[in-house]
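Engineer: need coordinates for the below:
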Amino acid sequence: CLLFVVCWEEYHSSFMSRSGDLTAIVLDVGPSISTTLEGKDSSNLQIAVKAISLFVQQKILHTKKDQVALITFGDNDTDNPLAGDGEYQNICVRKPLSSPDLDLLRLIENEIAPGDVPTDFVDALIVGLDCLINSDAKGTKKLYMFTDAGAGVDASNLDQIIDGIKTHGIDLRIVGVGIEEEEEEEGEEEEQMETQMTQTQKNNVDIIKKIATEVNGETYSFTSALEILSQFRKRVVNPTTTFRGTLNVADLQIPVHLYTEQKREPRPSMKKLSGLVDLDPTDPESGKVDRDVTYNKLDDTEDEVAKDDLIKGYKYGRTIVPWEKMHEENLGYKPDKDLSVICFTHQDNVPRHHQREPLLCLLPPNDDETAATSIATLAQAMHETESVAIARYIFRNKAAPKLVMIFPTITEEYKGLYAAILPFREDIRPYEFASLAKNPAAKFSREQRDAVEKLISSMDLMEGFIDEDGDAVEAYEPQYTFNPSIQMFYQCLHHRALNPNDPMPELDASIASYIQPSEKIVKESDEARKNVKDAFQLVVRSKKGKKTAAEMFGSADENEAKKSKDGDTAQPFSMAALMRTDVTEVGSTTPVEDYKAMIGKDKDNLVMASKQMMRRIQDIIDLYTGGSIGKFTEMMSALREMVLLTEPQLYNQHLREVVSEIKDLQQQRQVFLDQLIAKSLTLISSAESSCSAVSQLEADNFFSGGSTDDSLPASSANNVDDDDDEDLMDEL
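Structural biologist: Numbers count the residues shown, from 1 in each chain. The predicted structure is shown next:
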């Protein structure tokens, strides 16, 4: 129990800090580091810039409280607070200590240029230390220096520098040539670079090693630093409590804090910005798109409904039951925050697949040794009895209760408790499959069973990878396997921020490795996969004498011909059609559906419904102010379709009136005429309907300005209104 208390004290002291890292990057841009050495494609400066860019990119994406400063030496200019009296020259503070952003990333990749003046790296080191020491921000102070030590050095103040680094607890890391750790194996490239070092560089490397040794710093070569920084990093998350209260076990109350140990990480959210305005990088609200939602009545008026007049409603059959806010407040369940054990049960009674996210960790409050001892004792007892606790969990007042399973974890370092969310009975959807053992058609030979077992064994992930030492290790360990979707998102985000006009980059090889099987597993399972293929031969079975659906019910063309012969047209089936109430007029919201519903209910309504449809079409033309006219073409098509066989003169007369009005209005309504021509909604000819007096030639030439003689006599046109009055009297 004492060991448990000590471990949790270390946990609180190390992870409960809210401060970030303060990092000063000191980069050598002098003539020596900018020179491309023999046998290399790039200079050490280019390698350093790429490594620093990767470092800053990781800071931007995965940390929020870290601050970064960029200092260059060997510049042609001087800009630092210590410059004066000829000292600390050719050293520039490019970026003071502040949160890393895209501007810093652009500066590193686009604005760093080689200098012409060799500069003492010790002076640059002092400027970097001054930047960290005089900062008011709190956090772990780190200094990274990238140099090939090609300039002369004044080492007279070396002891004072070492004392300053120790006094302020600054973490020093130096990247250069020939300064890697002794236990690291040098590659051929590093050995070749060392052979090209000058005597000045060799002397300066000794000074760098002395400083690093005295302050317990770290040194890296340019190649190893780039390799380390190219690896993906985990996002640093400060733990926050999801619950502060007591764990109630009968009459025993143990103070606990709950932290989220594991949960599903979603893709980072993004904000919508308008591309029609000039974005201001300094204003986060610049270009923000605001969403405005309005509610309108589903009737002919389509009046807007005020938000104060809206209430919730739930469907019960075909009825919508209103649920006002008063009901919600009075009848809603409002439990208090709670974590109480309901019962204990054997761990085998809770299936693993019932444990849901997130995984919670139960910790005692800081400096509460009694609570730590109680948790450790309870965990030990549950471990010995192989038991778990089923508890009621409400993380805050008025929240929905949850069912959790509390289980122990016992290691050499500590004894603790974890909690996993459990589903309620209504949340479980069991999908049971018939047993293969009881299926007479699923009889497998011994060879087939052995082939599958060998395939499974050959694809064991516990020895799926080969490490650097040649040993077989576990493949795809969660702590070393990063989400490929999120990593690809970050890769594209970084590329688009720096190259807004370029296409998206190809998938990074490191990301692709997460979604590809291990080479070791593929190689070892090759024979097993072939055995499975040979054991389970695919056989092409001939068709039995069963009729197809088309043969049983007839083809679509045959059915359509039968319906056309009867004068009926197929209506699409939908639940909305079944739930629709009796339609008595053609509305403006769903005119086509209303029109067809009126005719489907009683074919005698054809003339009356068609006239109502014509009025709705006329309303669309009169009220048109721009935009889509899809509803117009749908209504004209429906009108033509329904009157085709029995009343074609209604459509022909209406089409002439519409075209005539469109031509009078000229360009204001030309879009309607264009759609009629595009959809071939011309006059109904006698070839289509025996009731039409329009010839095929007249119908073909109608839109091109051919004959437009009215096929409907004036008396017939007048009779239309009389028939309308009679139909209305019949309805009354």
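
Engineer: mind giving me the packing neighbours of the helix or strand where residue 675 lies?
Structural biologist: In the assignment (DSSP states H and E), residue 675 maps to helix 670-678. Other elements packing on helix 670-678 under the criterion 3 or more CB pairs under 8 Å, 6 or more residues apart in numbering; DSSP states H and E are helix 630-643, helix 648-665. Placement of C-beta: from N, CA and C, glycine included.

Engineer: now the ones you listed as TSV including mean pLDDT, mean neighbour count and distance to residue 313?
Structural biologist: Converted to TSV, these look like this (pLDDT from 0 to 100; neighbours: other CB atoms under 10 Å; distance: least, CB to CB, whole Å):
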stretch	mean pLDDT	mean neighbour count	distance to residue 313
helix 630-643	88	18	28
helix 648-665	84	18	40
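
Engineer: out of those, nearest to residue 478?
Structural biologist: With CB to CB, the closest approach to residue 478 among those belongs to helix 630-643: 50.8 Å.

Engineer: residues contacting that closest one, please?
Structural biologist: Outside helix 630-643, the residues that touch it by CB atoms under 8 Å, 6 or more residues apart in numbering are 569, 591-592, 595-596, 599, 606, 610, 613-614, 616-617, 620-621, 650-651, 654-655, 672, 675-676, 679, 681, 684.

Engineer: got a quick ChimeraX command for the buried subset of those?
Structural biologist: One line in ChimeraX is enough to select the buried ones among those; burial here means 16 or more other CB atoms under 10 Å:
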select :591,592,595,596,599,606,610,613,614,616,617,620,621,650,651,654,655,672,676,681,684
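
Engineer: can you get me a residue count around the closest residue to residue 47 other than its chain neighbours?
Structural biologist: Computed as CB to CB, 6 or more residues apart in numbering, the closest residue to residue 47 that is not its neighbour in sequence is residue 222, at 4.6 Å. Residues lying near residue 222 (other CB atoms under 10 Å) number 27.

Engineer: quick check, residue 222 in contact with residue 52.
Structural biologist: No - contact criterion CB atoms under 8 Å: residue 222 and residue 52 do not qualify, at 11.3 Å.

Engineer: any shared contact partners between those two?
Structural biologist: Common contacts of residue 222 and residue 52, defined by CB under 8 Å, 6+ apart, comprise residue 146.

Engineer: burial count for residue 602?
Structural biologist: Residue 602: 10 neighbours (other CB under 10 Å).

Engineer: per-residue confidence at it?
Structural biologist: Listed pLDDT for residue 602 reads 76.

Engineer: same thing with residue 668?
Structural biologist: Listed pLDDT for residue 668 reads 62.

Engineer: kindly report the same for the one 4 residues further on.
Structural biologist: In the prediction, the pLDDT value recorded for residue 672 is 84.

Engineer: with residue 573 instead?
Structural biologist: 44.

Engineer: give me every residue that touches the most centrally placed residue in the chain.
Structural biologist: With distances taken as CA atoms, centre = their mean, residue 267 lies nearest the centre of the chain, 3.4 Å away. Residues near residue 267 by CB under 8 Å, 6+ apart: 485, 486, 489.

Engineer: name the SS class of it, please.
Structural biologist: coil (DSSP: H, G, I helix; E, B strand; the rest coil).

Engineer: do the same with residue 115
Structural biologist: Assigned with three-state DSSP, residue 115 falls in the coil class.

Engineer: so residue 57 is in contact with residue 105, correct?
Structural biologist: Yes - Residue 57 lies in contact with residue 105 (CB under 8 Å); the separation is 6.5 Å.

Engineer: so where is the stretch 251-400 of the chain shaky, pLDDT-wise?
Structural biologist: Within the stretch 251-400 of the chain, the segments meeting pLDDT under 70 span 281-282.

Engineer: so which residues of it form helices?
Structural biologist: Secondary structure of the stretch 251-400 of the chain (DSSP state H, counting those that start in this stretch): helices located at 325-331, 369-385.

Engineer: longest strand in the chain, by number of residues?
Structural biologist: Longest strand in the chain, counting residues (DSSP state E): strand 252-262.

Engineer: what does the helix or strand where residue 448 lies contact?
Structural biologist: If you go by DSSP H and E, residue 448 is part of helix 446-458. Applying CB under 8 Å, 6+ apart, the set of residues contacting helix 446-458 from outside is 521, 524, 525, 527, 528, 529, 531, 532, 534, 535, 536.
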